Structure formats: structure tokens, C-alpha cells
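J.: I would like to see how this sequence folds:
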Amino acid sequence: MNDGAMQDLSKIRDTTWPESSPSKYETHVMSVLCGNTHLNWAMHEGYDRDFMPSLFWRTPTLKEDEMNTSDPCVALEKYLPPGCHALVFGSAESEASKTQAAKVSAERRIPILSVYIISTNKENETGIEFLFRDIPCRVYRLQGSDFFSEDRGAYEGMGVDRLSCLHAAGNFYGSPVLVIDGGTALTYTATDRDGKVKGGGIAPGLGAKFRSLMDYTGALPLIGHQEVVDLVAKCVSTKITLDTFATTTNTAMIGAVLTETAYLCRGIVKHFLVMNEEPAKTTTAKNTESSSMSHDKPKGIAGWGNNCSRWKS
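T.: You can find the predicted model right below:
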């Protein structure tokens, strides 16, 4: 395969079915969730294993200077754990090069590796194209309609990340289901009993709230991610909750933001549960009728976020 054909294959294209489907002879496929600040990767087993994910990891997004100064294969190697490095370049110790990737590709029954991305950030898609530029692969961008159509409640402009999470949660827990996803924005999305998208909401994430307090005031500091994590860990280990009436600026900011977020999430969950309560069958006793609310039908509530475990070399 010449360089032009390979680079054309690695260009990200929208899914079209069934052309975008992986072959039943592919032993593995890859997926990447392109967020605003991180890339969440997965390696999946093949057709015979129903494409179940076997490896997850998380990395920062590709920086522009890496694309200007790095060889694509050398750059890609930094983003792959040993198990996935072996899939692309042979053994975990194999050189990360275009020649080695082509050699491994030629030895596979299906030479072209399928890579599927869910993207909410166009700039990070450019980085993905660069990383896979010299790898014999085809890269597809999944669409919101791959998970929910407009007939199933998806509205125009609804993020594919929200729809894909909602679809996955429905597969795990059934319907109705509620997904709360914490990232740059905090989103919540739900389905009804029929598995149709009910709707949801979008609010600033924790980082955005802390950033806004610094940006729009003259004296408040920027609260970093690690400071929040350390304080919460201390509260958990000591079993002492954050004081609502804090005595330092930083704990006042952290406590207020976390309390606000906790109340928001509790309110969302409460409303979801009430919305899905089902009246029990009317029963008659001594010529009087009474009805009660039934909670027999299970309801799924799933939480996603950016504080998942990270792979480190």
C-alpha cells in the first residue's frame, strides 16, 4: 500500500452502514473517545467475542507541537499501553515505525485495523489523524444517529458522547435509565420506559465553576483538580465532612461548589425516580379502594466522569 493510499484510509470519515462495520475476521478493533481535555481509549476483542472491550486507558490530548516535531508512529507509541502496542507494532518490544506497522498488518488475516472514534472536539480529531497516519487502518467517526434516531427522541445538536453513554447504560441496566456525566460540562440524560430519549440538561463542570470564580473576581484563587481530590480524600479518611461554614477561602470555595453539585445531582435523581414511579394495581378491601406507588421495575442510574483510572507507562 503506497503512502497516499494509507494516509487517505487514516482520514476520519463518518460512519455509513454496513460499509463501516468491522469484519468478522478482525481479532481486535480500537475505539477512542475524544473529549475536550483527554482521550479515552479502548481495545476490543473481535467478532467472536462480541467486540467486548479488553483494555481501557486514558491519555492527554495530542499537542500541536507534537504534530510538528514528532514522527507519527513514535508519537502513537507514547499513547499505547503494551497490549495495544503489540496489536499495532507486533510485540511490546517491537520498534514503533511505519515499516514495522506495515509488516504486522500484512501478517493479519484482515490487514486494515478498524478504529472508531466518538468526538466532541474537532481539534482533537486532527491529532487522531496524525497518530494513525502511517498505520494501515480505517478511522470512523460515530454519529449520534448510530445510537438514537430522532424518532427515538434524539434532538438536533445533541452530543454523540451523551447519546453513546445513554445507549451503553441502557444496554447494561435496561430502561428507564439516567446517566450523569461529569467532565468539562456536567450533563444528565435519561430514557423513558420505552427506551426513548427523555431529554436532559447541561451545567458547568467542577473545573469550569472553579475557573469562573477566579476569572470573574479580583481576589479568588484558581482551585486545581488535585487540591479538590486531596481535600475529599482527607474527608473520606477522617470521616469528617466539609464544613458548610468554612473558615478558609479555598475550603469555602470547594465546599460551596461541591455542595451545589451534590444538591443538583440529588434533585435530578429524585425527579427521575418520581417520574418513573408506576401506580400499583388498585386493590379493594371493605368496599374502599387504595392505590400505592410500585417500585418493582428497576431503574438504572449511572455516573460517568473524567476521574477514571489512568494507564501509566
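
J.: give me the contacts around stretch 145-156.
T.: With C-beta atoms under 8 Å, 6 or more residues apart in numbering as the test, stretch 145-156 has contacts from 15, 17, 144, 160, 163-164, 166-167, 191-192, 195-199. C-beta here means a position set from N, CA and C on the backbone, and glycine is covered the same way.

J.: mind redoing it with 7 Å?
T.: Thr15, Gly144, Leu163, Ser164, His167, Lys196, Val197, Lys198 (C-beta atoms under 7 Å, 6 or more residues apart in numbering).

J.: work out the gap between it and the centre of the chain.
T.: From the chain centre to the centre of stretch 145-156 is a distance of 18 Å (C-alpha atoms, centre = their mean, to the nearest Å).

J.: in it, which residues are buried?
T.: For stretch 145-156, burial by neighbour count (16 or more other C-beta atoms under 10 Å) applies to Asp146, Phe147, Phe148, Gly153, Ala154.

J.: likewise for stretch 124-133?
T.: Those would be Asn124, Glu125, Gly127, Ile128, Glu129, Phe130, Leu131, Phe132, Arg133, for stretch 124-133 by 16+ other C-beta under 10 Å.

J.: over to stretch 242-253?
T.: Those would be Leu242, Ala252, Met253, for stretch 242-253 by 16+ other C-beta under 10 Å.

J.: any chance of those in JSON lines, with secondary structure too?
T.: JSON lines is the format used below for those (DSSP: H, G, I helix; E, B strand; the rest coil):
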{"residue": "Leu242", "secondary structure": "coil"}
{"residue": "Ala252", "secondary structure": "helix"}
{"residue": "Met253", "secondary structure": "helix"}
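
J.: from the residues you listed, which single one is nearest Cys265?
T.: Closest approach to Cys265 among the buried residues of stretch 242-253 (C-beta to C-beta): Leu242, at 15.9 Å.

J.: still on that earlier bit, which of the buried residues of stretch 124-133 sits closest to Gly183?
T.: For these, the nearest to Gly183 is Asn124 (13.4 Å; C-beta to C-beta).

J.: distance of that closest one relative to His38?
T.: 9 Å (C-beta to C-beta, to the nearest Å).

J.: the domain parsing of the protein - what is it?
T.: Here the domain parsing of the chain from automatic domain parsing is 3-142, 174-278+296-305.

J.: CSV for those, including mean pLDDT?
T.: Listed next are the domains of the chain as CSV, based on pLDDT from 0 to 100:
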stretch, mean pLDDT
domain 3-142, 92
domain 174-278+296-305, 92
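
J.: number of residues surrounding Gly224?
T.: 11 (other C-beta atoms under 10 Å).

J.: coming back round to it: identify the contacts common to Asn124 and His38.
T.: Thr61.

J.: ok so, going back, farthest pair in the buried residues of stretch 145-156?
T.: Top of the distance list for these (C-beta to C-beta): Asp146 and Gly153, 14.7 Å.

J.: on that earlier part again, ok, the buried residues of stretch 145-156 vs Cys84, which is closest?
T.: Out of the buried residues of stretch 145-156, the member with the shortest distance to Cys84 (by C-beta to C-beta) is Asp146, at 23.4 Å.

J.: and that closest one, what's its pLDDT?
T.: Reported pLDDT at Asp146 in the predicted model: 97.

J.: just the helices in this protein please.
T.: Applying DSSP state H to the chain gives helices spanning 3-9, 64-69, 72-78, 82-89, 98-107, 122-131, 160-173, 206-215, 225-238, 249-275.

J.: I'd like the ones you listed laid out as JSON lines, including distance to Pro53.
T.: Formatted as JSON lines, the helices of the chain follow (distance: least, C-beta to C-beta, whole Å):
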{"stretch": "helix 3-9", "distance to Pro53": "23"}
{"stretch": "helix 64-69", "distance to Pro53": "26"}
{"stretch": "helix 72-78", "distance to Pro53": "19"}
{"stretch": "helix 82-89", "distance to Pro53": "11"}
{"stretch": "helix 98-107", "distance to Pro53": "21"}
{"stretch": "helix 122-131", "distance to Pro53": "18"}
{"stretch": "helix 160-173", "distance to Pro53": "11"}
{"stretch": "helix 206-215", "distance to Pro53": "27"}
{"stretch": "helix 225-238", "distance to Pro53": "26"}
{"stretch": "helix 249-275", "distance to Pro53": "27"}
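
J.: among those, which comes closest to Arg138?
T.: Checking the helices of the chain against Arg138 by C-beta to C-beta gives helix 3-9 as the closest, at 5.2 Å.
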